[in-house]
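J.: coordinates for the following, if possible.
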Amino acid sequence: MTSVPKTSDTNDLGRIKHQLLAVGSAKVTGIPLPASLSSTAGPSAGKGGSVFFSDGVSRIRLMLDEKSTVHIENYGDSAVLTFEGPNGPVFVDGFVEKTGCHCPKQAYITINEGCIFSCRYCSVPNQEKHIKTPDEIVSLIKDACSRDTIECISLTSGVVGTVREEDARLFTILEKIRVFDLPIGVSVYPTPGLSKRLFELGVSEVKFNLETATEKLFAEMCPGLDWEEVWAALKEAVGVFGKNCVYTNIILGLGESKDEMKQCIRQCLENGIIPIIRPLTPSPDLSDFTRPSAGTTLEIAEYLREQLPRFGLDPTEAKTMCAKCMGCDLTPMADLPAGVRT
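T.: Sure, this is the predicted structure:
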């Protein structure tokens, strides 16, 4: 793993990360955060931004919330995270990380802000629609490179026009950004044959999101989208990109049982797909839902860790996107190198 600068052989943050993910937020005091130390995209889009905290081995992304029970005291070059754990106060030494675009060490850019679909867990359809031009994308990448050491480019997008129109826009952007000579990851709504074209345009990895552990939940949460179409695209992508290059987000906490989540994980791995298990951030239509408990998040992550080697898959090989960042999820192999519970 190269995305987090390693400062010690301990992994204090990884051992308690499942507890922090169950909270999902932090208040930050001390030296105010400049714009380069906050993020406004991802699961907390539209909620006032977030912060990345690292101990040098693991990192976590937490929404900024003055009422949070997690406290980060920022000293500039260092920081201390504190919260009340099940066995008493917990203290983790570390630092607040700069964000390139959206997350550390990456130019992770949303092409289209806004979306014609209305997935119930997603706040993007409620945002003001804006389509970034290819020149805007290039400018954002250059700006990110000027502020941080950027190791990859990651592109995602909502759907503002038709899916085919989005594909054409993406292809134009990819032609323009190849000059940066960085690994490129793409996460968009997939269409038949898309993976082959992305591979031809120099993309290194793709992430097509199943979102839910079951087809029934997908129909409830993602009206108008096609579960089987996503599965077909993922399987096609494995044939094009190969091992450790195809990922999918699955949200934990939408109403699935643990057995259903584990079954979905197995099905992904059997097909060469690495699932990223994303604890639910309750919004916007799901405000009555709660974040998954620390115990549930840990159990599912440990199960994924146990199963990955059986299929010769390793998310720490990721060069781009969420699997490289690891801020929003409990990541097997990295956060749980020995499956240690705390």
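J.: measure stretch 190-201 end to end?
T.: 16 Å (CA to CA, to the nearest Å).
J.: could I have stretch 255-265 exported to CSV, CA atoms only?
T.: Only the C-alpha atoms of stretch 255-265 are listed here, as CSV (Å, rounded to 0.1, in the frame of the first residue of the first chain):
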residue,chain,number,x,y,z
GLY,A,255,-31.8,-4.0,5.2
GLU,A,256,-29.9,-7.0,4.0
SER,A,257,-29.1,-9.9,6.4
LYS,A,258,-25.5,-10.8,7.2
ASP,A,259,-25.9,-14.0,5.3
GLU,A,260,-27.2,-12.1,2.3
MET,A,261,-24.2,-9.8,2.4
LYS,A,262,-21.8,-12.8,2.7
GLN,A,263,-23.5,-14.6,-0.2
CYS,A,264,-23.1,-11.5,-2.4
ILE,A,265,-19.4,-11.2,-1.4
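J.: which parts of it are buried?
T.: 256, 261-262, 264-265 (16 or more other CB atoms under 10 Å). Quick note: C-beta positions are derived from backbone N, CA and C, even for glycine.
J.: quick one: strands adjacent to the lowest-mean-pLDDT helix or strand in the chain?
T.: Taking mean pLDDT, DSSP states H and E as the measure, the chain has strand 112-113 as its least confident helix or strand, at a mean of 87. Strand pairing for strand 112-113, using DSSP bridges, gives strand 130-131 (antiparallel).
J.: contacting residues around the least confident helix or strand of the chain?
T.: The contact list for strand 112-113 (CB atoms under 8 Å, 6 or more residues apart in numbering) reads 124, 127-132, 157-160, 166, 169.
J.: same thing but at 6 Å, please
T.: Contacts to strand 112-113, defined as CB atoms under 6 Å, 6 or more residues apart in numbering, come from residues 127, 130-131, 157-158, 160.
J.: of the residues you listed, grab the buried ones for PyMOL.
T.: Buried members of the contacts of strand 112-113, defined by 16+ other CB under 10 Å, are picked up in PyMOL with:
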select buried, resi 131+157+158+160
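J.: return the member of the contacts of strand 112-113 nearest to residue 151.
T.: residue 157 (21.1 Å; CB to CB).
J.: look up phi and psi at that closest one.
T.: Backbone geometry at residue 157, expressed as degrees, to the nearest 10, gives phi -170, psi 150.
J.: for it, list the residues it contacts.
T.: 111-112, 188.
J.: can we see that at 10 Å?
T.: Counting by CB atoms under 10 Å, 6 or more residues apart in numbering, residue 157 makes contact with 109-115, 124, 131-132, 166, 169-170, 173, 186-189.
J.: now, which of these lie within helices?
T.: Counting by DSSP state H, those place 166, 169-170, 173 in helices.
J.: of these, grab the buried ones for PyMOL.
T.: In PyMOL syntax, the buried subset of the ones in helices among the contacts of residue 157 is picked out as below (16+ other CB under 10 Å):
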select buried, resi 166+169+170+173
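J.: of the ones in helices among the contacts of residue 157, closest to residue 322?
T.: Nearest member of those to residue 322, counting by CB to CB, is residue 170, at 18.1 Å.
J.: can I assume the closest one is in contact with residue 155?
T.: Yes: judged on CB atoms under 10 Å, residue 170 makes contact with residue 155 at a distance of 7.0 Å.
J.: identify the contacts common to those two.
T.: With CB under 10 Å, 6+ apart as the test, residue 170 and residue 155 both reach 111, 186, 188, 198, 203.
J.: what's the closest of those to residue 304?
T.: residue 186 (23.0 Å).
J.: thinking again about what came up before, any chance of the ones in helices among the contacts of residue 157 in TSV, with distance to residue 279 and pLDDT too?
T.: As requested, these are arranged in TSV below (distance: CB to CB, whole Å; pLDDT from 0 to 100):
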residue	distance to residue 279	pLDDT
166	28	92
169	31	95
170	28	97
173	30	98
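J.: of the ones in helices among the contacts of residue 157, which is the nearest to residue 222?
T.: Using CB to CB as the measure, the one of those that approaches residue 222 most closely is residue 166, at 16.5 Å.
J.: how close does the closest one sit to residue 204?
T.: 20 Å (CB to CB, to the nearest Å).
J.: do residue 69 as well
T.: 39 Å.
J.: same check, this time on residue 87
T.: 42 Å.
J.: ditto for residue 133
T.: From residue 133 to residue 204 the distance is 24 Å (CB to CB).
J.: residues in contact with residue 260?
T.: Counting by CB under 10 Å, 6+ apart, residue 260 has contacts 212-214, 216-217.
J.: can I assume it sits in a helix?
T.: Yes: applying DSSP: H, G, I helix; E, B strand; the rest coil, one finds residue 260 inside a helix.
J.: renumber starting at 234 from here on
T.: Got it, first residue is 234 now, which makes that one residue 493.
J.: on that earlier part again, now distance to residue 515 and pLDDT too, for the shared contacts of residue 403 and residue 388, in JSON lines please.
T.: Below are the shared contacts of residue 403 and residue 388 laid out as JSON lines (distance: CB to CB, whole Å; pLDDT from 0 to 100):
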{"residue": "344", "distance to residue 515": "26", "pLDDT": "94"}
{"residue": "419", "distance to residue 515": "28", "pLDDT": "98"}
{"residue": "421", "distance to residue 515": "25", "pLDDT": "95"}
{"residue": "431", "distance to residue 515": "32", "pLDDT": "98"}
{"residue": "436", "distance to residue 515": "32", "pLDDT": "98"}
